[in-house]
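**Student:** model the structure of this input:
(3 chains)
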Amino acid sequence: MRPTLVLLANHATRILLITLVGGFLALALARLAPGFGVDEREFDARLSEDTRAAIRQSHDSERNIFHFYFTWLSGLAHGELGVSPSLNQPVRLLLAERLPVTMKLLAWGLLVGWGMGFGLAVPLAFVRGCAYELGANAFATLFLCIPAAVLALFFLLTRSPSALVVGLVIFPKVFRYARTLLRQTAMLPHVLTARAKGLSGIRIFLWHYLSPAAPQWLALLAVSLSLALSAAVPVEVVCDLPGIGQLAWKAAMARDMYLLVCLTGIVTLATVMTKSAVELLGEFCRVRI
Amino acid sequence: MNSRSRVLLSLIFFFVTTLASAQGGGQLRFCLRSDPKTFDPVLVDDDPSERVRYITGGFLMRLNRFTQQLEPELATSWKVSKDGRTISFRLREGLRFSDGTPFSADDVAFTMQRLMDLSLHSPTGDAFRSGDGKVQTQVLAPNKISVTFPAPIASLDQHFDQVAIMSAKSPKKEMAVLGPFYVSDYKAGSYLQLNRNPNYWKHDENGRQLPYLDSVRLDIQGNRDTEMLRFLRGEIDLVDNVDAEYYSRVQTEQAGSGHDSGVTLDPEQVWFNQTPKSPIPAYKRAWFRSTNFRVAIWQALNRDDIARIVYRGRAQSAVGMLSPADKFWFNTRLTTHSYDRQGALKLLAQDGFRLQNGQLFDRDGHLVEFSLVTGAGNKTRERIATMMQQDLSQIGIKLNVVPLDFPSLIERITRTYDYEACLLGLTNMSLGPDAQMNVWLSSADNHQWNPRQKQPETAWEAEIDRLMRTQASSLDPKKRKEAFDRVQQIAWEQAPFIYLVNRHALSAISPKLHNAQPAVLQPYVYWNIDRISKSAEVASK
Amino acid sequence: MIWMRNIAIGVLAMTFAACLLAGTIAPASYAMQFREEPDAAPSHQHWLGTDDLGRDRFSRLLQGTRISLLLAPAAAFLTSVLAGLIGGIAGYWGGWTERVLMAAADLVLSLPWLFLLLTARALMPLNVSPMNSVAITFLILGLLGWAAAARVVCAGARSLRASDFSLQARAMGCGEARLLFRHVAPNLQPMLLTQFWISIPVFILAEANLGILGLGVVEPLPSWGSLLKELSGLTAISGQPWVFVPLLLLIAVVTSFQVLLVDQELPS
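**Tutor:** So this is what the prediction gives:
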């Protein structure tokens, strides 16, 4: 019991630390990049000198990122995430409205991506050098080469669910990694021995293909979430889905520090937590095995 | 009364009121490019909020987008004093806000005080800030009010086209409106539902209460491809501002749906960085400060080709700072600089430039090469810049196009001045010179080629300063026009801005819509939204 | 299958030859605007028609392929090497090394690198040549793309460290460095080749998207990415099937490479 608790505490500490560092680094990047503190409205010839000065001053609190981050964290401790200056709405409200959209998109994306990628890769573990291999490769390459925005537009034209686009964007990557992993495993001595002993195909696949490469499979699973998250941005932007991918793009373009720090925090948290979850699962499986 | 009877009665009441307020004009659907930042009409400073204000707000008077004349709305009449500081209104009586709160002169006073509140930094209020001091409102009667400003304001009445009257007493604050529709539902990032205002004051010629439409649904749709696709599928009823490349597609797929209302007020323009504190090499600044150089560039650019290719013929070569769409203020004596490559080379030769092996060199032997920054992701401007590259290469100039994301671009042109030339388009929301003061005064922030000058650095800029101040302080439209004509003339001769084209106002309107009269001032299509209907029967009654 | 390999060799040979001889076989300069013929359909003068400014699409495809075929694989190679080094070291050594390096990978996957790219653009002079701009862009892409692959490589290296052959090698007195580079690294090669092949088209497309930040190929120079980006418009998708030729060529080239080098993706 005690080692399990220590393990969990270690993971929790790591998640917290990386998320905090991620939030700060995102702020630093945004602060140092050109265009910080600049407002499109300054270009409006109708505005008076005073209004223009007020617009400039509105970013003063964000200039010192240490102070800004500390203030933001204090607010976070009280459940307050600030107000987005670019959208003029509370960040908490924006996230609450948009997170479910992205979660649904990601869930479908991962399901489709893994279903197609893994499904197409499995037969290649057993057969090689046939038309199926060429076809599967070409099919995966096709989706690797089509820009996500073009796919999204095509889905819009055909009135297909845009959630599938995320799946099609991550599918070729999952397919190629899965194919390589399965092939690597197929060459291992214990698989050859199992085959020679005449074990059934399913048994060999489950116990001799998948189990030994469990860490890599789990790592791939964790990486897929990051891939799906990055695919969600163009899909949400093109399909006008009000999710956090679209919000992230708007925040970046408007240098909206409140939104950026929150969104980076969420993405970092999701990335690290997935990784920790699969590691813990790996540990659990190892112990059970 | 038991609860069941109460529910039944409520339902009957609901249906009766709904039927009474419904006009049968249907629901109008179109898109906003992003979420409105505010519903407070005083604080509006972004395009979506401005569009919502246009549809929901009640105004004392309104500029008819078609005739370009002011028309009475909440005010039946108004009078501007001889000194140009005071405006007096006579208001309509018996009007109510959308929530039933009565409308009176107190609401106008409240709106004006709020508008001029310095702490709010209202962009709409900025148009009225002519001098130091407070604005004074005097309620003479429930239907009479006068507003006095600390200093004279030219075209004072015109500025009220942007002032939506707020209720001083309504508990709903800015959500209580006097316009044809009120905001009934809003889901950020998705849609905005506007319902018919049952208390809207306007009636048509047959005494029928306006608006005809029952509701308006504004979908938040940032992607123009998606917007056009939805229009072609019939999911939305109009696209207020269509890009030229989509326009031809609309014409092909739905004949009669595309509307070209003619040339707009909006120019695409290029300027050179003449700021002394900019980090560009001195010899380049010397080129940019030469009038001959600027005019030569203007002449070397084939603007007819830009209009024909980039805008598919839906634009015209720009004459100067104003377009012919501004019927009163445009200087009709000016004609566009002709495309003349040889003429350009002659002008450059006067400044010591020489063409050698297809490359242009200045008198000190520097190769003439400069960069042009523009907004990345804007296909139209990227295409214009690419066409400029080829045109300028014909006179030996190498042009490097640098698309930048908008915040980076603004930082360069307003803070660091680290750029050589810039291509941008301006959106003119109002007619005449009033909104141009911040561009043409040499001390202004938006005097882009050389902003915030302590003293005008050239004689022609000093002359423009004088003329702009003359026109701004005069209340005589004829004198103002004379002064502003001269400003246009100087701008044409000195070419601080190289005006390329004025695009046409293109819109797509579903054949199902009736009474739409597309104009060249924004909003192009729904400026008369209270008369638009989706039912032919309702529209013709 | 020999016929597949022959087809792949044919496709690649033709593509490379066409790129090398672009100056000779291109009917026009890639920048030349035939302003009387914008958006023209394929003809004997313009084999793939012209673009919206009247530029010959075939000439632009040749030039764009030349640039992207040189730079995208270079960036993909860089990112694969980084993924191999960082993931391999993290997985092999484990402990704090792994924790720190994988935390860095998590951060790389989560941070908005857009701002780093913007800063890179700000540091570059405005009059930078299009070729240098695109080279810098691919370099940045190469430097930032390692994290996802490093995680999978790390997991693989961890397994290899605990494998029977590693134990056997250690028992025979094999040094750590030798074990890492002679025994573990070759077994990571398939994973890195996978990363390499995935990265090429991904980087080609990413370069086009970076145009929005002022990085990448700038006009009038074409790239495969900028040609593919033309497909993103509604007007492009309908009525002009020839605009899909760059996409088909990219698919053909990437698939051909995969067919030729598929054997190398197997563990040694």
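**Student:** neighbours around B:Arg480, how many?
**Tutor:** 23 (other Cβ atoms under 10 Å in any protein chain shown). Backbone N, C-alpha and C define where each C-beta goes, glycine included.
**Student:** what's the pLDDT at it?
**Tutor:** Note on B:Arg480: pLDDT of 93.
**Student:** and what of C:Glu36?
**Tutor:** For C:Glu36, the predicted pLDDT is 94.
**Student:** count of residues packed around it?
**Tutor:** Neighbour tally, C:Glu36, other Cβ under 10 Å: 11.
**Student:** and for the one 10 residues further on?
**Tutor:** Here the neighbour count serves as a burial measure; for C:His46 (other Cβ under 10 Å) it reads 22.
**Student:** touching chain B at all, stretch A:84-101?
**Tutor:** Yes: Stretch A:84-101 is in contact with chain B by Cβ under 8 Å from any Cβ of the partner chain, via A:Leu87, A:Asn88, A:Gln89, A:Leu93, A:Leu94, A:Glu97, A:Arg98.
**Student:** what's the farthest-apart pair in these?
**Tutor:** Between any two of these, the greatest separation by Cβ to Cβ is 15.5 Å, found for A:Asn88 and A:Arg98.
**Student:** between those two, who's got more neighbours?
**Tutor:** It is A:Arg98, of A:Asn88 and A:Arg98, that has more neighbours when counted by other Cβ under 10 Å, with 23 against 15.
**Student:** for that one, pull up the helix or strand it's in.
**Tutor:** Using DSSP states H and E, A:Arg98 falls within helix A:91-126.
**Student:** so for that helix, what gets flagged as buried?
**Tutor:** A:91, A:94-95, A:97-98, A:101-102, A:105-106, A:108-110, A:112-114, A:116-118, A:120-121, A:124-125 (16 or more other Cβ atoms under 10 Å in any protein chain shown).
**Student:** can you give me the helices for chain A?
**Tutor:** Assigned by DSSP state H, chain A shows helices spanning A:2-32, A:49-57, A:65-77, A:91-126, A:131-145, A:148-157, A:163-186, A:189-196, A:201-203, A:214-239, A:244-254, A:257-288.
**Student:** helix or strand next in line after the helix or strand of chain C with the lowest mean pLDDT, which one?
**Tutor:** One helix or strand of chain C scores below all others by mean pLDDT, DSSP states H and E: helix C:234-237, with a mean of 62. Downstream of helix C:234-237, the next assigned helix or strand under DSSP H and E is helix C:245-261.
**Student:** list of residues touching that following helix?
**Tutor:** A:134, A:137-138, A:141-142, A:144-146, C:4-5, C:7-9, C:11-12, C:15, C:48, C:57, C:61, C:64-65, C:69, C:193, C:197, C:200-201, C:204, C:224, C:227-228, C:231 (Cβ atoms under 8 Å, 6 or more residues apart in numbering or on different chains).
**Student:** what's near enough to touch the closest residue in space to A:Asp39 that isn't next to it in sequence?
**Tutor:** Nearest residue to A:Asp39, sequence neighbours excluded (Cβ to Cβ, 6 or more residues apart in numbering or on different chains): A:Ile55, at 4.9 Å. A:Ile55 sits next to A:Asp39, A:Arg41, A:Glu42, A:Leu47, B:His121 when contact means Cβ under 8 Å, 6+ apart.
**Student:** quick check: which ranges of the chain have low pLDDT?
**Tutor:** Picked chain A for this. Scanning chain A with the threshold set as pLDDT under 70 gives A:1-2, A:128-129, A:285-289.
**Student:** chain C was what I was after
**Tutor:** C:1, C:211-214, C:234-238, C:261-268.
**Student:** B:Leu355 and B:Ile397 touch, don't they?
**Tutor:** No: in this structure, B:Leu355 is not within contact of B:Ile397 by Cβ atoms under 8 Å, at 9.8 Å.
**Student:** neighbour count for those two, which is higher?
**Tutor:** Taking neighbours as other Cβ under 10 Å, B:Leu355 and B:Ile397 compare with B:Ile397 leading, 25 against 15.
**Student:** how many other residues sit next to B:Val80?
**Tutor:** There are 16 residues near B:Val80, going by other Cβ under 10 Å.
**Student:** now B:Gln68. Its backbone dihedrals?
**Tutor:** Main-chain torsions, B:Gln68, degrees, to the nearest 10: phi 60, psi 30.
**Student:** now do the SS call for the nearest residue to it once chain neighbours are set aside.
**Tutor:** The spatial neighbour of B:Gln68 that comes closest, neighbours along the chain excluded (Cβ to Cβ, 6+ apart), is B:Lys327 at 5.7 Å. Secondary structure for B:Lys327, judged by DSSP: H, G, I helix; E, B strand; the rest coil, is coil.
**Student:** now B:Lys327, what are its backbone angles?
**Tutor:** The phi/psi pair for B:Lys327 (degrees, to the nearest 10) is phi -60, psi -40.
**Student:** same check on B:Pro279?
**Tutor:** phi -80, psi 20.
**Student:** so it sits against B:Asp418, correct?
**Tutor:** Yes: when contacts are counted by Cβ under 8 Å, B:Pro279 is listed as touching B:Asp418 (5.4 Å).
**Student:** neighbour count: the two, which is higher?
**Tutor:** Taking neighbours as other Cβ under 10 Å, B:Pro279 and B:Asp418 compare with B:Asp418 leading, 17 against 10.
**Student:** do you know how far the more buried one is from B:Gln269?
**Tutor:** 20 Å (Cβ to Cβ, to the nearest Å).
**Student:** wait, C:His46 touches C:Asp39, no?
**Tutor:** No: contact criterion Cβ under 8 Å: C:His46 and C:Asp39 do not qualify, at 10.7 Å.
**Student:** overlap in contacts of those two?
**Tutor:** In contact with both C:His46 and C:Asp39: no residue, using Cβ under 8 Å, 6+ apart.
**Student:** what sits closest to B:Gly343 if chain neighbours are left out?
**Tutor:** Counting by Cβ to Cβ, 6+ apart, the residue nearest B:Gly343 is B:Gln299, at 5.2 Å.
**Student:** quick one: what helix or strand has the one you found in it?
**Tutor:** Assessed by DSSP H and E, B:Gln299 sits inside helix B:291-300.
**Student:** that'll do, ta.
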